[in-house]
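Asks: for reference, the sequence and a predicted model appear below.
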Amino acid sequence: MSEGALPSPSAVTSPALTYRKGVFLVLFAGVLWSSMGLGIRYMEVANVWQILFYRSLALAVFLFLVITFRSAGRPLPTIRKAGLAGIVGGLGLIFAFAGGIFAIQTTSVANAMFLFATAPFMAAILGWFILREGVRKATWIAMAFAVIGISIMVWDGISLGYIIGNLAAMASALGFAVFTIALRWRKLDDMMPTVFLGGIFAIIASAIICYTDGYSLGLPLNDITIALSLGVFQVGAGLTIYTIGSKVVPAAELALLSMTEVVLGPFWVWMVLGESAGFYTLLGGAILLSAIAGNALSGLRRKPVPIL
């Protein structure tokens, strides 16, 4: 997930949960999220919709069990509580999930991950335009630098023939931004029901597209196993761990800690598969990540800590 866009959710936490443990959990969630690029690289034949179907199937089942446990055996009232905001956010996640998978299949993992990281800035703009939320001056400045980094990466993508993958990555970031704004719109503290709905919607959408376009769901066992594992561990477990840890970590620090995903995603494919990133991808990514880090660090000096 492009989890830099995620707000700080509420969670049922143990009184023994400390700030240090919360930081570790959020970092570990980023490690789990960062595995998507490597997992998709190991797919043999599955396309974006086939991967999305199996990953979402595993995600929905996993989150339903987690929600059932957290709600003391009453998952449906918890899910219904998400209401219209949950539906809107869940629909946004279809684009986030599908765009993310397609981007990694059609561009470098580094390019995709760096562009996923634009989600918080997109959420800031949507929040300002739709919800009339104020945006700090530091965030506007950071977004200006982010545009420079994005432009460098997109220009490089055009020259290398990766423009479709870059656009898909930005569409994914926009989907996560819509998800974030939907949660803020109705002040939903618990994101799990909305992500569960996103998984259900993604199952339906991918199944319909596979049926209409003639894509079989009878994939090699390797592809099905990886897709199911991504649903359980990369998205589901990552989200659950993040939800617990973020309870005791300020929102501005979450933006910094969640950058683990963006940094480690390209690292795994480089270390295991030898996939490297070009100079302009690294330059644009460095500018973008510096903008995100600068914005988060400026937020740490303010009390209370702003959302972005």
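Replies: Arrived safely, thanks for sending.
Asks: residue 119 touches residue 181, doesn't it?
Replies: No. Look at residue 119 against residue 181 with Cβ atoms under 8 Å: they stay out of range, at 10.7 Å. To be clear about C-beta, it is placed using only N, CA and C from the backbone, and glycine gets the same treatment.
Asks: ok, how many other residues are close to residue 73?
Replies: Neighbours of residue 73 under the rule other Cβ atoms under 10 Å: 7.
Asks: sorry, wrong one. I was asking about residue 209.
Replies: Neighbours of residue 209 under the rule other Cβ under 10 Å: 17.
Asks: give me the pLDDT value at residue 144.
Replies: What the model reports as pLDDT for residue 144 is 94.
Asks: and residue 306, by the same measure?
Replies: Model confidence at residue 306, given as pLDDT, is 40.
Asks: mind listing what's buried in whatever helix or strand residue 227 lives in?
Replies: Residue 227 belongs to helix 221-229 when elements are defined using DSSP states H and E. Using 16 or more other Cβ atoms under 10 Å as the test for burial, helix 221-229 gives 223-224, 226-228.
Asks: dump that helix to PDB, restricted to CA.
Replies: Taking Å, rounded to 0.1, in the frame of the first residue of the first chain, the C-alpha atoms of helix 221-229 are listed here in PDB:
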ATOM      1  CA  LEU A 221       0.300 -22.600  -8.200                       C
ATOM      2  CA  ASN A 222       3.300 -20.300  -7.900                       C
ATOM      3  CA  ASP A 223       1.300 -17.200  -8.900                       C
ATOM      4  CA  ILE A 224      -1.700 -18.000  -6.800                       C
ATOM      5  CA  THR A 225       0.400 -18.700  -3.700                       C
ATOM      6  CA  ILE A 226       2.300 -15.400  -4.100                       C
ATOM      7  CA  ALA A 227      -0.800 -13.400  -4.700                       C
ATOM      8  CA  LEU A 228      -2.600 -15.000  -1.700                       C
ATOM      9  CA  SER A 229       0.500 -14.400   0.500                       C
END
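Asks: roughly how far is stretch 30-50 from the heart of the chain?
Replies: 14 Å (Cα atoms, centre = their mean, to the nearest Å).
Asks: all numbers from here: first residue = 36
Replies: Let's use 36 as the start, then, which means that last one is stretch 65-85.
Asks: I appreciate the help and will end here.
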